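**Q** what's the 3D shape of this:
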Amino acid sequence: MKQFALSISRMTSRRFSPLEEQQFCQFFSDKAYPKARFGVIFGFFAWMAFGFWDGIGFPRLIPELAAIRFGLIAPIIGGMGWFIARHGKLFKQALQAFLFIPPAAAALGLFLMMTLAQQEDSNRAFQQYWPTFSALYFFVYAFLGMRLIPATILGLAAFVLVCLAGCRNGVENNSFGIALLQLSILNILGIIICARNELQERTLFRLRQHHRRLSRTAWEERTKAQAARDETLLEYSRAEAALMLAHSERAKLATAIAEKERFLSAAYHDLQQPLSTIGLYARIATHKLETSSPLAIKPDLSVIEDAAQDIALMFRGVRDTWEVGSALPTLEAVNIDGLLAEIERELQDWAGQKGLALRVRKPSYPSLWVCSDRTQLKRALSNLVCNAIKYTETGGVLLGAVNLSTGVRVDVWDTGVGIPIEYQDLIFDEYFRVTSPSIGQKRGLGLGLSIVKRIEQNLTGHRLRFASKLGHGSRFSLYIPSVQAPGLDHDGLDGKHSASKLNNKLAGKYIVIIEDEPANLDGMVQTIRRVGCIVEGVDGVEPAKRLFAERERCPDILVTDFQLSNGETGLDAVAAMRDRFEWAHDVPILFVTGELELSAKLSTFKGKFDIHNKPVNPDDLLAKLDTLVNPLQA
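**A** Model (predicted):
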């Protein structure tokens, strides 16, 4: 009893919450279901087997007892067994309620049979059915797995039934007392069994719930740890990537610094000779003007012009290297015939000054068109031709195009000294120049062929090949993808204009020049005026406004330095002209600049314009003006 009271105290002191109680009921039902199913089925067969005991004790009451046992109670117990076997899920949901039905039905049957048998002999009936009644309840308590409260209710009901049966039929006090004592003992033992069983199940359920909480907590902690580890690995990867990027950037910076040092060293070295030449021959020319006629200084001026041209070519190489490295190519249909004729026109004079023949071989079939960036392609071919002229002393340079099944091949042949074998793998490196006794030291920064290589890498489908033999010259070939010819051969028209026709096109044009450097302004005015243009020059935006106000004629072309004094730009000069002349929005603009990224600044400029980079070459300047004046040559 003390242990039973302790069990009851533990159960009541550890009450679950409503949700936990509901979960425990489901857990208890799942655990008790197999035992309850076996107990109900076994009880059914035991109930049927005890029918023989009725015939032995009361043979004259067999029909009545059989009706109660087999006709009334057996279908209830058997139906419950069938229900448990076929509808286990529903049975589990109300296990205690369903478990109450079979023993209650059996108790009712025993009570009815006992009452019927007492009509014949009350003491013998009570003694015969009472052990069965007691065994039934012990079996229910021990094997069906009832919980404490239903078991207590069932025990009280059995106690009441026994009292009613004994008092009603006048059972002897001795038999009645023994029956009550036996029933009380069995009820108490059964309730203790049920209480201990339920306590064990509640403890097991609590342990399972605690284990689940621990498992869930462990899983959450493991998930957090995994996430933290992944985050750490991610941060480590990011740090490693940042470190690699820093190393890469540092290497790029070191390379850029080294390139800058190489460039400054090469530029300083190579500029000394032409600058020294200009200084010396300028002094010689000055002395000759004091002692001789002006015609005597013409050779000296020619030397000075050549030296200035060398400096201009050096800075052109720097500009080309910058633009090729930063500009994205714009692929379009380009006419090779017109492009080659344009290069011939621009470089013919230089070749002639060296006594070389610059020839262009044009195909006999219709004009060739290729898919390329016209500006970069022209720069690459011009550099190849310039390089050929520079390293050729006798003979000439041949520029031609060949139509192939896979595209167009443009060849640049020269009769120069050729390239020694030991230098042929190095000629495309920046700042590299071939030096040998047969070639000598040529002025320049060594950027021409490296620019051609960069252009080849930037333009899709372009391939550069070369062959050279020392003492026999070189041939550079550029393979370019071909395209179908468009409707109008603009580039072809571009190549049909000779220098004289170019000058005739510019003759009579009214051109205004805005340049804040007096020497450059005077030089450009005189250069353009020589081809028959009407030229006026001013040194700023305010003088330009006054000039426009005094003139009734709108300029045919406006030439302006982009970066003027007092924080003004060429855009301010354009605005001043357009404010004065309503129709000036169609006037082409030529921006003269020393900047390397002017194209980006003019990306939103409205109107026709072109850019001419300093230093100003007279022939290039006139070619730009001719292109702006004649739209078909654009």
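**Q** mind checking pLDDT for residue 432?
**A** Residue 432 is assigned 60 on the pLDDT scale.
**Q** Please disregard the earlier target; I meant residue 119.
**A** Reported pLDDT for residue 119: 67.
**Q** Same check on the one 3 residues further on?
**A** Looking at residue 122, its pLDDT stands at 62.
**Q** do you know how far residue 348 is from residue 385?
**A** 10 Å (CB to CB, to the nearest Å). Using the backbone N, CA and C atoms, a C-beta is placed for each residue, glycine as well.
**Q** sec struct for residue 479, please.
**A** strand (DSSP: H, G, I helix; E, B strand; the rest coil).
**Q** swap in residue 389?
**A** helix.
**Q** thinking residue 344 is in contact with residue 358, fair?
**A** Yes: between residue 344 and residue 358 a contact is recorded at 6.1 Å, counting by CB atoms under 8 Å.
**Q** more neighbours, those two?
**A** residue 358 (23 against 17; other CB atoms under 10 Å).
**Q** which residues does the more buried one form a beta bridge with?
**A** For residue 358, the beta-bridge partners are residue 397 (DSSP bridges).
**Q** Tell me who's in contact with it.
**A** 344, 347-348, 351-352, 385, 389, 396-397, 399 (CB atoms under 8 Å, 6 or more residues apart in numbering).
**Q** what number of residues lie near the closest residue to residue 554 other than its chain neighbours?
**A** Residue nearest to residue 554 in three dimensions, not counting chain neighbours: residue 581, with 4.1 Å by CB to CB, 6 or more residues apart in numbering. The burial count assigned to residue 581 is 16, neighbours taken as other CB under 10 Å.
**Q** Same check on residue 76?
**A** Neighbour tally, residue 76, other CB under 10 Å: 18.
**Q** hmm, which helix or strand of the protein has the shakiest average pLDDT?
**A** helix 490-494 (a mean of 42; mean pLDDT, DSSP states H and E).
**Q** ok, residue 348 and residue 385, which is more surrounded?
**A** Neighbour comparison, residue 348 and residue 385: the larger count goes to residue 385, with 25 against 18 (by other CB under 10 Å).
**Q** thinking again about what came up before, report the buried members of the contacts of residue 358.
**A** 344, 347-348, 351, 385, 389, 396-397, 399 (16 or more other CB atoms under 10 Å).
**Q** Give me the distance between the two termini of stretch 458-467.
**A** In stretch 458-467, first residue to last residue: 22 Å (CA to CA, to the nearest Å).
**Q** gap between residue 186 and residue 192?
**A** From residue 186 to residue 192 the distance is 11 Å (CB to CB).
**Q** same question but for residue 579, I mixed them up
**A** 113 Å.
**Q** quick one, which of these two is more surrounded?
**A** A count of neighbours by other CB under 10 Å puts residue 192 above the other of residue 579 and residue 192, at 18 against 11.
**Q** Spell out which helix or strand contains the more buried one, please.
**A** helix 173-291 (DSSP states H and E).
**Q** which helices and strands sit right next to that helix?
**A** The contact analysis (3 or more CB pairs under 8 Å, 6 or more residues apart in numbering; DSSP states H and E) places helix 173-291 against helix 2-13, helix 18-49, helix 122-143, helix 148-169, helix 298-326.
**Q** residues near residue 469, how many?
**A** 12.
**Q** what do you get for residue 291?
**A** Neighbour tally, residue 291, other CB under 10 Å: 7.
**Q** same question, the one 10 residues further on
**A** Residue 301 is flanked by 12 other residues according to other CB under 10 Å.
**Q** got the contact list for it?
**A** So residue 301 contacts 281, 285 (CB under 8 Å, 6+ apart).
**Q** Overlap of the contact sets of residue 344 and residue 358?
**A** residue 399.
**Q** Quick check: closest non-adjacent residue to residue 583.
**A** That would be residue 554: by CB to CB, 6+ apart, it lies 6.4 Å from residue 583.
**Q** And what about the one you found, helix, strand or coil?
**A** coil.
**Q** measure it to residue 538 for me?
**A** 16 Å.
**Q** Please give the element, helix or strand, for residue 465.
**A** Residue-wise, residue 465 maps onto strand 463-469 under DSSP H and E.
**Q** Pull out the buried residues from that strand.
**A** 464, 466, 468.
**Q** For the last one, which residues are in contact?
**A** When you say that, I think you mean residue 468. So residue 468 contacts 418-419, 424, 474-475 (CB under 8 Å, 6+ apart).
**Q** Please flag which of the residues you listed sit within strands.
**A** Among these, the members found in strands (DSSP state E) are 474-475.
**Q** now, which of the contacts of residue 468 sits nearest residue 209?
**A** residue 424 (83.7 Å; CB to CB).
**Q** what pLDDT does that closest one get?
**A** For residue 424, pLDDT reads 68.
**Q** One more: residue 520?
**A** pLDDT, read off for residue 520, is 83.
**Q** can I assume it is in contact with residue 621?
**A** No: judged on CB under 8 Å, residue 520 makes no contact with residue 621 at a distance of 10.9 Å.
**Q** so where do the strands sit in the stretch 451-600 of the chain?
**A** For the stretch 451-600 of the chain, strands defined by DSSP state E, counting those that start in this stretch occupy the ranges 463-469, 473-480, 510-514, 534-538, 557-561, 589-593.
**Q** Can you say which of these is nearest to residue 247?
**A** strand 463-469 (32.3 Å).
**Q** Can you list the strands that that closest one pairs with?
**A** Strand 463-469 has these strand partners (DSSP bridges): strand 473-480 (antiparallel).
**Q** Check the burial of residue 304 by counting its neighbours.
**A** 20.
**Q** mind listing what it touches?
**A** 277-278, 281-282, 285.
**Q** so residue 300 makes contact with residue 288?
**A** Yes: under the criterion of CB under 8 Å, residue 300 makes contact with residue 288 at 6.9 Å.
**Q** how about residue 394, secondary structure?
**A** coil.
**Q** Next, it: phi, psi?
**A** For residue 394, the backbone dihedrals are phi -130, psi 150 (criterion: degrees, to the nearest 10).
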